[in-house]
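J.: any chance you can model this:
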Amino acid sequence: MTNTPANEQPLNNSPEQLTLVAQLKRAELFNGRAAMLGIVIVMEGLTGFGIAHQIGLGALVDGYAACRTQFLPFCF
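T.: The predicted model follows:
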């Protein structure tokens, strides 16, 4: 269901409507990025570990086991 009357086209490609669609796309992109960042911040606050530790890459980030792996050929 839409709020558009049956005899009117939903998008007639006028400059005003194209501008509004572009603004809506930017707003949705910003909202999605803000939501992802918020989830990461909340999870780090609750667990006390960063996102790398939560997905199992904490040792590589810390540098403790990085010297013994094939992923990072140098030591910190």
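J.: counting contacts, what elements does the longest helix along the chain pack onto?
T.: Identified as the longest helix of the chain according to DSSP state H is helix 15-47. If you count contacts as 3 or more Cβ pairs under 8 Å, 6 or more residues apart in numbering; DSSP states H and E, helix 15-47 packs onto helix 51-54. Every residue, glycine included, has its C-beta placed from N, CA and C.
J.: only C-alpha atoms, please: export the helix it packs on in PDB.
T.: Taking C-alpha atoms only, helix 51-54 is exported to PDB below (Å, rounded to 0.1, in the frame of the first residue of the first chain):
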ATOM      1  CA  ILE A  51      35.700  -6.100  17.600                       C
ATOM      2  CA  ALA A  52      38.900  -7.900  16.500                       C
ATOM      3  CA  HIS A  53      39.000  -9.900  19.700                       C
ATOM      4  CA  GLN A  54      35.300 -10.800  19.400                       C
END
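J.: check which helices and strands it sits against.
T.: Helix 51-54 makes packing contacts with helix 15-47, helix 58-62 when contacts are defined by 3+ Cβ pairs under 8 Å, 6+ apart.
J.: which residues touch it?
T.: Residues from elsewhere that reach helix 51-54 (Cβ atoms under 8 Å, 6 or more residues apart in numbering): V40, M43, E44, T47, G58, L60, V61.
J.: okay, now the last one: neighbour count?
T.: It stands for V61. Using other Cβ atoms under 10 Å, the number of residues around V61 comes to 12.
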